[in-house]
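**Q** Coordinates for the following, if possible.
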Amino acid sequence: MTTHTPTEPVDVLLVEDNPGDVRLTREAFKSIDSEVEFHTVTDGKEATKYFDVCETETERPDPDLILLDLNLPRIDGFRVLEILQNELDVPPPPILVLSSSEAKADIVESYERAANAYLTKPESPAEFDTLAQAIEDFWLESAHHPPAPS
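**A** The predicted structure is shown next:
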């Protein structure tokens with residue numbers, strides 16, 4: 001996976017099938033200091049194909065961060081987590097589950113399948129802004145990620 005440097009945009013793979021949530025997420029990240037480049041796929045099958053393409057084509061950048069919804073068509077978010085954990089040759093970038101579910105079982109299963117964080121989708125644009133700022137503060141500015149393989 002790529003290593004983000006402060007002078008480059010952060011590549012975020014947004015796996016979300018709800019166009020309204022895609023728009024709210026993209027708008028929220030415009031309010032932070034980091035420059036974010038979004039790559040959006042609308043179902044789990046597209047998400048897994050994205051990584052197949054990243055491994056073979058150089059024009060599509062490996063994401064620095066994944067925002068993953070659980071309730072997706074074709075392949076759900078739980079299966080995406082499992083596939084990324086088991087089938088990639090290198091560790092995936094941080095995967096933040098961003099779901100409307102607050103069910104304890106969904107939270108536990110996400111972590112069991114190697115999600116790095118579980119976040120409940122905000123209900124208002126202002127809450128999306130707050131979430132984007134929190135993601136920037138921790139995941140983009142503070143957390144250290146493993147170096148990209150050479």
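
**Q** What ranges does this protein have for its helices?
**A** Along the chain, the segments classed as helices by DSSP state H run 19-29, 44-56, 77-87, 104-112, 125-135.

**Q** Out of the ones you listed, which gets the lowest mean score?
**A** The stretch with the lowest mean pLDDT among the helices of the chain is helix 44-56, at a mean of 79.

**Q** Let's have the helices of the chain in CSV, adding distance to Pro9 and mean neighbour count.
**A** Heads up, the C-betas are built off the backbone N, CA and C, glycines and all. Written out in CSV, the entries for the helices of the chain read as follows (distance: least, CB to CB, whole Å; neighbours: other CB atoms under 10 Å):
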stretch, distance to Pro9, mean neighbour count
helix 19-29, 11, 17
helix 44-56, 16, 17
helix 77-87, 22, 19
helix 104-112, 27, 14
helix 125-135, 15, 17
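
**Q** got the ones you listed as JSON lines, with distance to Ala143 columns?
**A** Compiled in JSON lines, the helices of the chain are given as follows (distance: least, CB to CB, whole Å):
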{"stretch": "helix 19-29", "distance to Ala143": "17"}
{"stretch": "helix 44-56", "distance to Ala143": "21"}
{"stretch": "helix 77-87", "distance to Ala143": "18"}
{"stretch": "helix 104-112", "distance to Ala143": "16"}
{"stretch": "helix 125-135", "distance to Ala143": "10"}
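
**Q** With respect to Tyr118, which of those helices lies nearest?
**A** Tyr118 lies closest to helix 104-112 among these, at 4.9 Å (CB to CB).

**Q** Could I get the CA-only coordinates of that closest one as CSV?
**A** What follows is helix 104-112 as a C-alpha-only set of coordinates in CSV (Å, rounded to 0.1, in the frame of the first residue of the first chain):
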residue,chain,number,x,y,z
LYS,A,104,-23.5,-4.9,19.0
ALA,A,105,-23.2,-8.0,16.8
ASP,A,106,-22.3,-5.9,13.8
ILE,A,107,-19.6,-4.0,15.8
VAL,A,108,-18.1,-7.3,17.2
GLU,A,109,-18.1,-9.0,13.8
SER,A,110,-16.5,-6.0,12.1
TYR,A,111,-13.6,-6.1,14.6
GLU,A,112,-13.3,-9.9,14.4
